Structures are given as C-alpha cells and as structure tokens.
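[1] Provided below for reference: sequence and predicted model.
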Amino acid sequence: MNRPLLIENARIVDPASMTDEPGSVLVERGRITAVNHQGPVGVPDGAEVIDAKGLVLAPGLIDMRVFTGEPGREYRETFASAGDAAAAGGVTSFVMMPDTNPVVDDAAVVDFLIRRAEATSKVHVLPAAAITRGLKGAELTEFGLLKQAGAVCVAEGRSALQSSALVRSAFNYAANFDLPVVHQPQDFGLAADGVMNEGLFATVLGLRGIPAEAETIPLSRDLQLAALTGARYHAAQISVASAASLIREAKRRSRKITAGVSINNLSLNENDVGRYRTFFKLSPPLRAEEERQAMIEALRSGVIDTIHSDHDPQDTEVKRQPFAEASVGAIGLETLLAAALRLVHSGDVDLMTVLRAMTIRPAEILGLEAGRIHPGAPADLVLFDLDYPWQVQEQRFLSRSRNTAFEGARLAGKVMRTIVAGQTVFVHAEESPT
Amino acid sequence: MADITNNPAPATSMTKAGFPPFSQRHLLAIGDLEQHEIIDLLDRSEAMVAVSRQQRKSLSTLSGKTQINLFFENSTRTQSSFEIAGKRLGALVVNMSVKTSSVAKGETLIDTAATLNAMRPDVIVVRHGAAGAVELLSQKVGCSVINAGDGGHEHPTQALLDALTIRRHKGRISGLTVAICGDIANSRVARSNLLLLGAMNVRTRVIAPRTLLPVGIENLATEVYTDMNEGLRDVDVVMMLRLQHERASGRLIPSTREYYRFYGLDEEKLANAKPDAIVMHPGPMNRGVEIDPAIADGPRSVINDQVEMGVAVRMAVLDALLPDSEGGQA
C-alpha cells in the first residue's frame, strides 16, 4: 500500500517558500522526497501518478481551532466524523480545543485522545490542553506533563481567563515550557449577557450586545503580560479593528505575538443574523461590515497570522432555541477553504496570503513540520480546483452536525484530493445532478 | 379621569364585514406592518370598542375556534386582556402558563410548539422572555401566532392600544409629539411604540438616563433627551415606562429615590408639556418611582383607557387574523 506517489502538472503554491509555479511532487513513505519545477521527473517503479493539470497543489491546511464532540458528546462529532469533514475540506491537521467531557486538562486525557484519534481520524488531531483545570479559570494545569503527552499548546477554548494575576502566572509558566498560549480575550463583565454585536441592529432585535471593548480591554492586558513574561502568545481570534491595532503595535516590539481570525469574521457580518438565525450566533460575534473589512486588511498586512474554521458542532436541540438561549458556534471544516477562496476571487486577498494563514503560519506558531512543500516535510497535501463552482448543502456534509453559517452559499473552489502522510484520504466525487 | 366620548358607531355592524381581508397570518412585530395595516387595525379596534360597551358584549365571529394563551412570563393583565378579547368573540380560550406546563421540565420551545400544534388551535398568543422566541414558535405551528411580548424585542398589541388611545383623545396621530420616558434599553413597549409612531409620522422623543438608553437609539427616535424637563417641552403625549426593580439595584440606577427626582413624572416636570398633554403608562405602575400618584390617578391620566383599548385592540387583531367562523374565509 505504501507505493510512491507522483503528482504531476500541478500549480504548486507553497507559502513557506513563496513559490507559485507549475511542477511535480514525489511522495515516498509518507514524506515529500522531491519537488521539481523543471519539467518531468522520472517515475519511480510502482508509483501512482496523479495528473493534477488545472489544479492547485498546496500544503494541507492546518486549522487552529476545532471543537469536537468526542469525548463526551459523540452525537455532535466524533474524531472519525471530524476527520472525514476535515479531509473533505482539505484540512490535514486540526487543533482540537479542550472543551470536551472530560476536559483536556490531564496528560492521561491527552494520551487517550491521541491514540483514539490515530485509530479513528483520517487527519492529524493536535490536542490543545486547557490552561486551567476544568476550564474553570482558577488553577493552572500541568503544562509540562501535558506538553510531554503531546499537547501542542495551552488554550482555554470557549472560556477566557478573567483574573489578570492568573493570566500573568499562566503566561509565565507557559514560557517556562516554551508552550504557545492560545487565548481568546473576553471580558465576561462587559460582554455580560450579550449575544451579538452591540449596535443598532441588536437594539432593533431587542438583543443584548457585546461591545468591542469586551475584546480589546482583555487583549490589551494579555499583550502587556505577554511582554512582561516573554510568553508566546496567540490571540485566538479577534474581530474588531481596534483589536488589530493593538496586535499591530505589540508585534512591533515582539515576534512572539501572533493573532488568528475565524473565517466567519472574515466572511460574514452582523446583518447575517437576520431575524434571529441562531447558526450565526458566534463568538466573537459577527461584527459590523467595517470591522469585517478591517479583519481582511489585517490579514493582508500580516497583523493577522492565521485563519481557522472555528468548527463547533452543535445539535438542533441546543441551536433551535430563541436566539439569546441558543448555544454558540457553527461548523466550518468543510467550507473553510472555499470560504477563504471567496476572498481571493473577490480580489480582497491574494491566494498566497490566504494559504499562508492556513498552512505555514499555524505550523510555525505550533512548531510543526507540516505546512510546507519541501523535501523531507510530511506529505500532507491538498489538491484543489480554484474555480470549481458549488453550492453548500447541509445534507451533504460529512460532519455529524448541521449548524453551518454557509447553508446555500455559492462558492468557487473545491477540494479534489486530500493527502495525509502520503495516503489519499479524500477524493472529490462528481455529484450527480439532483 | 379623562373620558372617551366619541365613537357613535352602531354596535351591530361590528364584524369584519366592511374591512378587507387582513394580509398577515401572524402579528409578530410592529416592524412587519405597513402604515395602512396599522390604520386598518386601529379602525377595526374602534368597532370593537363599541362592542365592548354594549350590554351584550359578545360576537360569534370566532365561535368554534380555539385560542391558546401561552405565557412563559407572568402577566395577569395582558393574559386577562387576551382572554376576555377571545371570549367576547366566541372563541374557546385556554390559558397555559409556564408553571403548569412541561416547559419547567426541560422541554424546548420547539417541542412545546409541536405539542400545542397537534391540539389544532386556531391561534396561539405567546409571551416569552427571549427576543425572537415568538417568531421561532410561529415557524413551527400551523396556526396564527400573536406576540404578546418577546423579551426586549416587541409588544405589538401594546403599541396598537397606545396608538388607539392617542387617536381617540387627540383625534389624530400623525403630527403629534410623543415622549417615551424611562427604561428604553430594556423595553419592548418602547421599541414597538417607536416603530409604530415612526410609521405614523409622529415626532418621537425618548427621555432616559444614559444607562437606560440602548446603543443606536438615535436612529429609532426623532430626538434623544437625558433631561426630563427639556424632553417634555411642548409634547402632546407623555408615555411613562415601568422601571423594573432589578434595574434599580445599583448597576444602572443607584436608587429609586434619585431616579424619581430626575426621571419620575411629577407636576413640575409635566408642566413643560402642552396644557392638554395626556399621560400614559403600560402598567403595572410603580407609584413614587416613575410617576407621582397624583398624576397617575389625575385628570390627565388615560391609563385606564389604555386598559379598555387593550381589549378592543386584541379583539380586532384576533378577528383580523382568523377567518370568520360564520362567513367562511373573510
């Protein structure tokens, strides 16, 4: 089964080397062994040859923020279903948030889920360990043991640290083990019972708003304490222009500061909530259009490093509720690439920048070998048709949950083949017309 | 008490005869209504006022119909008003409150909707603590749904009854200046009234301390005031809102004493309004918190008229939404 694989005639886009050229890639024993831009290469004996004419070959995507149901809520998503969804979306690795039951706050849990994911998931599952025990925001977890067990970073998932003293301590301790801290700054007091962006739209709907300052005030604190402690700090997701300004400023002083954005905050705005559509109830909330534009600009200028799906499967029981009572989150693994390519097609961002934010930048932040097309690198690859038109239909999703914010969206750009460690884990099947 | 004297309409012609069919299936929000639909509902309500003033206060236009009042929040006043309205039209009215339902046992709103729908009601009147909940429920049932208040969103029949009260006292709505005072941020009554009055070309003012003004309110009201004396100058109508006790617990309002001093309606502040200005309140009132008892019970208060108009408006809405039992589809 471990035949060599030769992908020919591809448009190779590798943000790590900033190359965008036609060429071929040879894969052997799960790794890339040759990259050739100078015409045909010899075909090794017994190799499988893929003619990728007309397709882009890029490093497999690395999604820095994915929630699984498993363990504890397998009815929402298992490693197997998340892996299938990821493979269909061209995602070859994802960071799994610790908000499971049990919470990923113990080395034994990390050990278990790495084994379990290896046995059942088609793509790499990278555990993020909780910063605090039980995600309760009080006591630190065992960062050293968690790292040894395989956690790629510490993160607080849907929750957020409130105590500045605890933030300082967590950053200090994470720096001690050189673990990246991934944290979404949220001031629970200011956000209070807010359920969408604060503004006229929320007022008209009679919903409580979440002001930008609920994000920027704790972000400012985080950045100051990251500077104080020398921690590697990744602002998990930002959503407003004023947060991007803070990141830009902090990056001038430190290379250890990075920031991410959800594809949702790049693609959608508060008007998409419409009349209480709970699939658009997200965290951070969908903001005003000018904030979305500011996120695109921040991505373009390199203030934002990474784009993730914020894939968060929720069942209808918790989503088909009045808006204020519905749970937060939307799935996104299968639409991440196509939604990001929409920004390319609209001329907002170039292809290299978009791919960079989903390949080499996450790899650098997390210290992974993947995310590049280079001899010796793991053969985690995606082949996609940049222009292939398709329409999102929830019933076609491989995810176990259906809470997509892109239902019915017409997208251009489709994953044709996904390769993990040299093995093909997804091939696009022509859809029969319905 | 101010008295309502006009309306000589004969009581016998009080069915929907004479009114064209109403175009909407539900009444979820004033924001869904066009000006002509608002006027249509007010005209229908006038007819219902006459019915309610007859010795024999009943019609049979809804006989054989089932009306469920589904109240997730307690409201004796609104629920009674809807109940009387339905009964005066001949409907079978069933009251369900959250304490006696399975909602307390963890059933979701959708489950409740499906269960009630299976009982084949013709109309469900819903009050719920969450904005949008009534609309969500309306998507899951096969009958008409009337919003009796959904969280901080809307309370459309309240705005209609307020408009009817104003029209009967002032003879018109358009061109008036109306001040809405108090907890604007959390008030569905304020939102529905601002939308209705805005659609009727009324000059609207909101008056509140800044902690009780929602973001973007300047786009919904013509003028925004934080000073009560300035805001009440030359207004035709003063609408007071109830200050929920929990708002006065320190975060938004330090004390009811201070609130009353600056935002409670007393004679001195009311003197800024036009001499013939009327005073309204959706009830229940906190006398001595947002309003001086002497004003609440005084000659410019139309608060009891509002209650009467409430029944008429709800009769009109029920009658407009439901096909006529006697004459088939209206």
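    Sure thing, it's come through.
[2] near chain B, which residues of the stretch 101-250 of chain A?
    Applying CB under 8 Å from any CB of the partner chain, we find that the stretch 101-250 of chain A lies next to chain B at A:198-209. The way it works is simple: take the backbone N, C-alpha and C, and place the C-beta from them, glycine included.
[3] all helices for the stretch 301-434 of chain A, in order.
    Using DSSP state H, counting those that start in this stretch, the helices found in the stretch 301-434 of chain A span residues A:316-319, A:336-345, A:351-356, A:360-366.
[4] rank those helices by pLDDT, which is bottom?
    Ranked by mean pLDDT, the helices of the stretch 301-434 of chain A end with helix A:316-319 at the bottom, a mean of 85.
[5] where does whichever residue of the stretch 201-330 of chain B sits closest to chain A land on pLDDT?
    Using CB to the nearest CB, the closest approach of the stretch 201-330 of chain B to chain A is made by B:G216 at 2.9 Å. With respect to pLDDT, B:G216 has a value of 96.
[6] tell me the pLDDT of the spatially closest residue to it that is not a sequence neighbour.
    Closest residue to B:G216 apart from its sequence neighbours, by CB to CB, 6 or more residues apart in numbering or on different chains: A:L200 at 2.9 Å. Looking at A:L200, its pLDDT stands at 96.
[7] and A:L200, how far from B:G151?
    To B:G151, A:L200 is 17 Å away according to CB to CB, to the nearest Å.
[8] please identify which of those two sits among more neighbours.
    Set side by side, A:L200 and B:G151 show more neighbours around B:G151, with 25 against 18, by other CB atoms under 10 Å in any protein chain shown.
[9] the nearest residue to the more buried one once chain neighbours are set aside: neighbour count?
    Nearest-residue entry for B:G151: B:A131, 3.6 Å, with adjacent residues in sequence omitted and distances by CB to CB, 6+ apart. Around B:A131 there are 25 other residues, counting by other CB under 10 Å.
[10] residue contacts, B:A131?
    A:205-207, A:276, A:322-324, B:150-153 (CB atoms under 8 Å, 6 or more residues apart in numbering or on different chains).
[11] emit the PyMOL select command for whichever of those residues are buried.
    In PyMOL syntax, the buried subset of these is picked out as below (16 or more other CB atoms under 10 Å in any protein chain shown):
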select buried, (chain A and resi 205+206+207+276+322+323+324) or (chain B and resi 150+151+152+153)
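[12] any chance of the contacts of B:A131 in JSON lines, plus pLDDT?
    Formatted as JSON lines, the contacts of B:A131 follow (pLDDT from 0 to 100):
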{"residue": "A:L205", "pLDDT": "97"}
{"residue": "A:G206", "pLDDT": "96"}
{"residue": "A:L207", "pLDDT": "97"}
{"residue": "A:Y276", "pLDDT": "95"}
{"residue": "A:P322", "pLDDT": "93"}
{"residue": "A:F323", "pLDDT": "95"}
{"residue": "A:A324", "pLDDT": "94"}
{"residue": "B:D150", "pLDDT": "96"}
{"residue": "B:G151", "pLDDT": "94"}
{"residue": "B:G152", "pLDDT": "94"}
{"residue": "B:H153", "pLDDT": "97"}
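[13] those residues of the stretch 101-250 of chain B touching chain A, which are they?
    For the stretch 101-250 of chain B, the residues in contact with chain A (CB under 8 Å from any CB) are B:108-110, B:128, B:130-133, B:135-136, B:150-154, B:188, B:191, B:214-217, B:219-220.
[14] right, and B:N229 touches B:A273 too?
    No - with contact defined as CB atoms under 8 Å, B:N229 does not count as touching B:A273 (10.1 Å).
[15] who has more neighbours, these two?
    Comparing B:N229 with B:A273 by other CB under 10 Å, the one with more neighbours is B:A273, at 22 against 14.
[16] just the pLDDT for the residue lying farthest from the centre of chain A.
    No residue in chain A sits farther from the centre than A:D45, which is 37.6 Å out by CA atoms, centre = their mean. Here the pLDDT value assigned to A:D45 is 86.
[17] look at it and tell me its secondary structure.
    Of the three states, A:D45 takes coil under DSSP: H, G, I helix; E, B strand; the rest coil.
[18] roughly how far apart are it and chain B?
    61 Å (CB to the nearest CB, to the nearest Å).
[19] and if you look at A:R116?
    Going from A:R116 to chain B by CB to the nearest CB gives 31 Å.
[20] pretty sure that residue sits in a helix.
    Yes - A:R116 sits within a helix when classified using three-state DSSP.
[21] mind listing what it touches?
    A:70-71, A:79.
[22] what are the contacting residues of the helix or strand hosting B:E268?
    If you go by DSSP states H and E, B:E268 is part of helix B:267-270. Helix B:267-270 has contacts (CB under 8 Å, 6+ apart) with B:228-229, B:232, B:238, B:277, B:279, B:292, B:294-295, B:300.
[23] identify each buried residue in it, please.
    B:269-270.
[24] for A:V154, phi and psi?
    Phi and psi for A:V154, reported as degrees, to the nearest 10, are phi -110, psi 140.
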